[in-house]
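Enquirer: predicted model, plus sequence, below.
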Amino acid sequence: MASLKLGEVALNLFGVLALVMGSFIIFNTFRTVVAERRHDLGMLRALGASRRSVVSAILVESLLQGVLGTALGMLAGWALVGGLLALVSPIMQQYLHFSIGSPTFTLPIYVASILLGVGVTVLSGLWPAISASRVTPLEALRPSVAEVYQRGANRAAVVGALLIVVAIAMLLLRQIALASLGALLFMLGLVLVAPVLIAPIARIFSGLLAVAFAREGEIAQGNLARHPGRATVTASAMMIGLAIVVALAGMTSSLEDGFMGYVDKSMGADFLLVPPSLVLAGGNVGAGPELADQIRQTPGIAAVTTLRVGKSMTKGAPLQVVGIDPETFPKVSGLEFSRGNEKTAYAELAAGRALIVNGIFAAQNGVRVGDTLTLQTAEGPRDYRVVGIGLDYLNAKLATSYISQENLKADFHESGDVLLMANKTADSDAATVRAALDVVIKPYPTFGLLDAAHWRKTTRDAFAGAMSTLTILLWVLALPSLIALMNTLAINVIERTREIGMIRAVGGTQRQVGRMILAESLLLSAAGTAFGILAGVWLGYVLIGAVNAAGFVLPYYFPYLGVLLAIAVGLLFGVLAALLPARQAARVDIVRALQYE
């Protein structure tokens, strides 16, 4: 249940980020619509239309588009969920023997989707509608002028800087709740600071562009400096999209290394004798000690250890109790410890009533090393001292404790082996040893013999298949950044029709105009990528912190691949987004452009 809640929290966080990014895109789209119809709105005002009429017209349009977009989005969402389940279901069935049904959508999901889809669209169109209503008829009927950098941007930048400082302080406190809030404050701070940083960032990257775009790069830099608000909207949308790319890359690499670390440590034996259900307490029938004895006597076997299982209650919660042999278990297998001394913990299990709990149970119940837990046993309540917190692969998702097999037999009356692990000698042949083990386990049809190395490879492949769904989600959430960039470039071409006509009139070629738009697109992409990498590294760290807080202790690996991927995606988006606007700008008719509005 804890792992499901963790996955739900992570997906909800990505959903919020996608919603914010979509809001930026819709907002910029309505800015484009208002800019395109600036002359028409001026004519309406000149003919007597009130400001309320202009606002109402745009809001009604946003409402209609919101209803249509929400309907199409819900259909697309249903198809996307169906596609993801189609990818995941074979993996779940093959490796976990678990079937996933068809997508299920409840009434609250439909209501929330409709309210968010329509509401976000209407709210995103509200500010452009109000801005359009404030334009006087005379101002709307004359050629548009460039935006003037407002003093409010400086005040917003100060607030943004303070938010970033607070976010850094929250991160240094190493509390996951504060760090999660700090991630949102950090991204909000970047959005507020961005209008002030756009100009210097454009200057920095324009120096790099000067090699390929000499004069066009200077013009593009100047245009971004004159329109920091519009550039910020686009850079912020790209920031969120690429932050998701970097965060998912960091999370994927951390999960893969940590997950396989658990597998290699706790399932690192040469041979595994597994029951029908890999969930040890899932109705498996254990074998008597004679099976383990026969395996020990098999030629080529160096060491054998077994796992036994019982059930208990403590702190009002169910607890799976796994019995291990403190002497042989660390030689053949082992636990991945996050708290406690691994060298002394096993010895303490053998010395008395001591136990090791896993991270899930410790996180849910606030258990620490040194605490005493009262376990309900077949012999009545028994006190056990916590000597460590550790995880193994099979029981990582269940509240589990590990005690000695001697105590499991005395207190829980359990002595059947439900999982056996064996290592071969260094000089023995694996195929020969396996053939001998096949003969040994033939009278035990409930057990299956696995080559552990092959099983680990299969598990790694299954994990890679599951991560492929995250890759699909990554691209789905990153692509809207391309739309945001294209919107901004389109509005630039529309508002600068007369300026482009002047450039063409004084001798600028179509190629030079197209290169100017491309340079501007690359500068916007560079700004959004820089912000996205900063936010993505932070977000990835917070996501891994959330996993650790839930009991799955994983190291955080800096997403070098994700950073490189974000840079490549940013540059690619910069080129792709400029194709249509650059073509449109290059084909501007000179005479009509000089007569624009």
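Expert: That came in fine, so what should we check first?
Enquirer: pretty sure residue 399 is touching residue 364, no?
Expert: Yes. Using CB atoms under 8 Å, residue 399 is in contact with residue 364, at 6.7 Å. Where C-beta positions appear, they are placed from N, C-alpha and C, glycine not excepted.
Enquirer: common neighbours of these two, please.
Expert: Common contacts of residue 399 and residue 364, defined by CB atoms under 8 Å, 6 or more residues apart in numbering, comprise residue 317.
Enquirer: now the helices: where do they sit in the stretch 201-350 of the chain?
Expert: Secondary structure of the stretch 201-350 of the chain (DSSP state H, counting those that start in this stretch): helices located at 214-226, 228-266, 289-296, 329-332, 342-351.
Enquirer: can you tell which of the ones you listed is closest to residue 85?
Expert: helix 228-266 (19.3 Å; CB to CB).
Enquirer: can you pull the buried residues of the closest one?
Expert: Neighbour-count burial for helix 228-266 flags 228, 230-256, 258-259, 261-263, 265-266 (criterion: 16 or more other CB atoms under 10 Å).
Enquirer: on contacts alone, who are the packing partners of it?
Expert: helix 2-36, helix 176-209, strand 336-339, helix 452-495, helix 510-549, helix 560-586 (3 or more CB pairs under 8 Å, 6 or more residues apart in numbering; DSSP states H and E).
Enquirer: relative orientation of it and helix 560-586 in degrees?
Expert: Taking axes from the mean of the first three to the mean of the last three CA atoms, to 10 degrees, one finds that helix 228-266 is oriented at 150 degrees with respect to helix 560-586.
Enquirer: give me the mean pLDDT for helix 228-266.
Expert: Averaging pLDDT along helix 228-266 gives 74.
Enquirer: again, but for stretch 563-583
Expert: Rounded mean pLDDT across stretch 563-583 is 79.
Enquirer: for that stretch, list every residue counted as buried.
Expert: 563, 565-567, 569-570, 573-574, 577-578, 581-582.
Enquirer: quick check: next helix or strand after the worst-scoring helix or strand of the chain on mean pLDDT?
Expert: Using mean pLDDT, DSSP states H and E, helix 137-141 stands out as the lowest-scoring helix or strand of the chain, at a mean of 59. Downstream of helix 137-141, the next assigned helix or strand under DSSP states H and E is helix 151-172.
Enquirer: residues in contact with that next one?
Expert: With CB under 8 Å, 6+ apart as the criterion, helix 151-172 contacts 178-179, 181-183, 185-186, 188-196, 228-229, 538, 541.
Enquirer: if any of these are buried, give me the ChimeraX selection for them.
Expert: Listed next is the ChimeraX selection for buried residues among these, using 16+ other CB under 10 Å:
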select :178,179,182,183,185,186,188,189,190,191,192,193,194,195,196,228,538,541
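Enquirer: which stretches of the stretch 151-300 of the chain have low pLDDT?
Expert: 151-153, 174-177, 179-180, 199, 206-218, 221, 223-230, 233-234, 237, 276-285 (pLDDT under 70).
Enquirer: what is the neighbour count of residue 391?
Expert: 27 (other CB atoms under 10 Å).
Enquirer: reformat the buried residues of stretch 563-583 as TSV; add distance to residue 200.
Expert: TSV is the format used below for the buried residues of stretch 563-583 (distance: CB to CB, whole Å):
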residue	distance to residue 200
563	21
565	26
566	21
567	19
569	23
570	18
573	22
574	19
577	22
578	22
581	25
582	25
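Enquirer: closest to residue 512 among the residues you listed?
Expert: Nearest to residue 512 among those, with distances taken as CB to CB, is residue 582, at 10.7 Å.
Enquirer: the closest one against residue 512, yeah?
Expert: No. With contact defined as CB under 8 Å, residue 582 and residue 512 do not form a contacting pair (10.7 Å).
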